[in-house]
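>>> Got a sequence here, can you model it:
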Amino acid sequence: MKDGSESAQRKPAGLMARHAPIPELYVSYESAQKLKHEAGALPSWDLTQRQVCDLELLMNGGFHPLKGFMTEADYDGVVADMRLADGSLWPMPVTLDVSEAFAEKVEPGQDIALRDAEGVILAILSVTDKWVPNKAREAEGVFGADDLAHPAVNYLHNTAGSVYLGGPITGIQPPVHYDFKARRDTPNELRAYFRKLGWRKVVAFQTRNPLHRAHQELTFRAAKEAQANLLIHPVVGMTKPGDVDHFTRVRCYEAVLDKYPAATTHLSLLNLAMRMGGPREALWHAIIRRNHGLTHFIVGRDHAGPGKNSQGKDFYDPYAAQELVRKHQEEIGIEMLDFKQMVYVQEKAQYFPVDEIPEGATVLD
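Down below sits the predicted model:
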């Protein structure tokens, strides 16, 4: 028999008080010190950059309702139809991939220490599942094609380990970030910030590129349309190979902040490892933003699209992401604002959505 609190967590997120704290996977400071000492004797896995990003969002509640790296049953459900074994909507596998050599030393029922690149123990994974995934099926199911031109499919086949481990996480400490510390808010820190300022409606703008003038116009309009405050919430974990580095991007965002009306806009950095998974990724981004206490989320054209496939065609239909998020927005408890491409109309000297261009105008794109 499940206890009542668990069934309460199953309710659609809209019913969770929007700015009430979200469950985290960390133990108390005292327990963490004790565990850290004990974990020294456990087999340990050195996390990849992507795994550190995933672990941080698992521990701080950004990936709620996940309690750890996915079990085989959760993984199978997510790959097949975007549902965890308990029926919750979740579009993206979050698994701990390890090498065959390491997997041979670990059996379900064992605990392992998870360390960052410097060897610091961040968490303990209580292994419940160990399996060899069908990566071609994962690529087809999650990304729509087993095509190496897709960065996440390439990662899956050429970088990720061949065995997956799943099980609950006990969080000991968050990963250390040496840059932009004041800009990195956990879901509960953002919720507390919105609560303190009395922001009831907040629109999230997700970006992995420097902001340009059309973005500024688009976000302005979104906040106005929803009568909401604005959170610029760029991804600084892992984006697409070849993207502008996050140091440069964050400086650009900080410069643009001055262009927004005072006290209407906040900038916060999200340490997410993007998969560039198009529609599923957009839905995943929406759930993550809901967990951060946001009420609205802007989904643009070809949201999180990776570009061209090996046949030179776009991987995803440009509006497929908006359709998928719109279909599930009520269930996940966040409202989608869809935005068409913004273009500059010379005669008016201002920006317009593509579908609102005055007749006969000169358009700069």
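
>>> Let me know the distance separating Arg221 from Ala228.
12 Å (CB to CB, to the nearest Å). From N, CA and C alone the C-beta is placed, and that goes for glycine too.

>>> My error: substitute Gln350 in the last question.
The gap separating Gln350 from Ala228 is 22 Å, by CB to CB.

>>> Please apply the same query to Pro23.
From Pro23 to Ala228 the distance is 25 Å (CB to CB).

>>> If you count surrounding residues, which of these two has more?
When neighbours are counted by other CB atoms under 10 Å, Ala228 comes out ahead of the other of Pro23 and Ala228, with 21 against 14.

>>> May I ask you to confirm that that one is in contact with Lys201?
Yes: counting by CB atoms under 8 Å, Ala228 touches Lys201, with 3.5 Å between them.

>>> Neighbouring strands - and their directions - for the helix or strand encompassing Met336?
Assessed by DSSP states H and E, Met336 sits inside strand 335-338. Note on strand 335-338: by DSSP bridges, its sheet partners are strand 296-299 (parallel).

>>> Poorly predicted segments of the stretch 201-350 of the chain, please.
For the stretch 201-350 of the chain, the stretches flagged by pLDDT under 70 are 340-343, 348.

>>> Please repeat the previous calculation with a cut-off of 90.
Within the stretch 201-350 of the chain, the ranges that satisfy pLDDT under 90 run 206-226, 237-250, 252-253, 255-263, 300-302, 307, 318, 338-350.

>>> Can you show me the strands along it?
Secondary structure of the stretch 201-350 of the chain (DSSP state E, counting those that start in this stretch): strands at 202-205, 229-232, 265-267, 296-299, 335-338, 342-345, 350-353.

>>> For Asp129, give me the backbone phi and psi.
phi -140, psi 140 (degrees, to the nearest 10).

>>> what's the nearest residue to it if we skip its chain neighbours?
Gly166 (3.9 Å; CB to CB, 6 or more residues apart in numbering).

>>> The one you found: which element?
Counting by DSSP H and E, Gly166 is part of strand 163-171.

>>> With just CA atoms, put that strand into CSV.
Taking Å, rounded to 0.1, in the frame of the first residue of the first chain, the C-alpha atoms of strand 163-171 are listed here in CSV:
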residue,chain,number,x,y,z
VAL,A,163,25.7,-1.0,-19.9
TYR,A,164,23.1,1.0,-18.0
LEU,A,165,22.7,1.1,-14.2
GLY,A,166,19.5,2.3,-12.5
GLY,A,167,18.4,3.0,-9.0
PRO,A,168,17.6,5.7,-6.4
ILE,A,169,20.2,8.4,-5.6
THR,A,170,21.2,9.7,-2.2
GLY,A,171,22.6,13.2,-2.7
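
>>> could you give me the average pLDDT of that strand?
Averaging pLDDT along strand 163-171 yields 98.

>>> tell me how far it is from the chain's mean position?
Here strand 163-171 is found 18 Å from its chain centre; the criterion is CA atoms, centre = their mean, to the nearest Å.

>>> Could you tell me which other helices and strands that strand packs against?
helix 49-59, strand 68-69, helix 72-81, strand 96-98, helix 100-104, strand 121-126, strand 129-131 (3 or more CB pairs under 8 Å, 6 or more residues apart in numbering; DSSP states H and E).

>>> what pairs with the last one, and is each one parallel or antiparallel?
If I follow you right, that is strand 129-131. Strand 129-131 has its sheet partners listed here by DSSP bridges as strand 163-171 (antiparallel).

>>> neighbouring contacts of the helix or strand just after the strand it pairs with?
In the C-terminal direction, the helix or strand that comes right after strand 163-171 (DSSP H and E) is helix 187-197. The contact list for helix 187-197 (CB atoms under 8 Å, 6 or more residues apart in numbering) reads 18-22, 24, 60-62, 64, 185, 202, 229, 231, 263, 266, 268, 291-294.

>>> mind redoing it with 10 Å?
Identification of contacts with helix 187-197 by CB atoms under 10 Å, 6 or more residues apart in numbering yields 17-24, 57, 60-64, 185-186, 199-202, 204, 229, 231, 233, 263, 266, 268, 270, 288-295.

>>> among those residues, which ones are buried?
Buried residues within the contacts of helix 187-197, defined by neighbour count using 16 or more other CB atoms under 10 Å: 18-19, 22, 24, 57, 60-64, 185-186, 199, 202, 204, 229, 231, 233, 266, 268, 270, 288-295.

>>> Return the distance of the closest residue to Gly61 other than its chain neighbours relative to Gly62.
Distances taken as CB to CB, 6+ apart put Ile22 closest to Gly61, at 4.0 Å, once the chain neighbours are dropped. Distance, Ile22 to Gly62, by CB to CB: 9 Å.

>>> quick one: common contacting residues for the two?
Thr186, Pro187, Asn188, Leu190, Asn291, His292.

>>> hang on, Ile288 packs against Leu272?
Yes: counting by CB atoms under 10 Å, Leu272 is a contact partner of Ile288 at 6.8 Å.

>>> Spit out the residues that contact those two alike.
Contacts common to Ile288 and Leu272, judged by CB under 10 Å, 6+ apart, are Leu57, Gly62, Phe63, Gln206, His233, Val235.

>>> Could you dump those residues into TSV with distance to Asp243 added?
Putting these into TSV (distance: CB to CB, whole Å) gives the following:
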residue	distance to Asp243
Leu57	19
Gly62	21
Phe63	22
Gln206	14
His233	16
Val235	9
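
>>> which one of these is nearest Lys327?
Gln206 (18.5 Å; CB to CB).

>>> Provide a list of residues in contact with that closest one.
Going by CB under 10 Å, 6+ apart, the list of residues near Gln206 reads 231-235, 270, 272, 274, 281-282, 285-286, 288-289, 297-300, 303-304.
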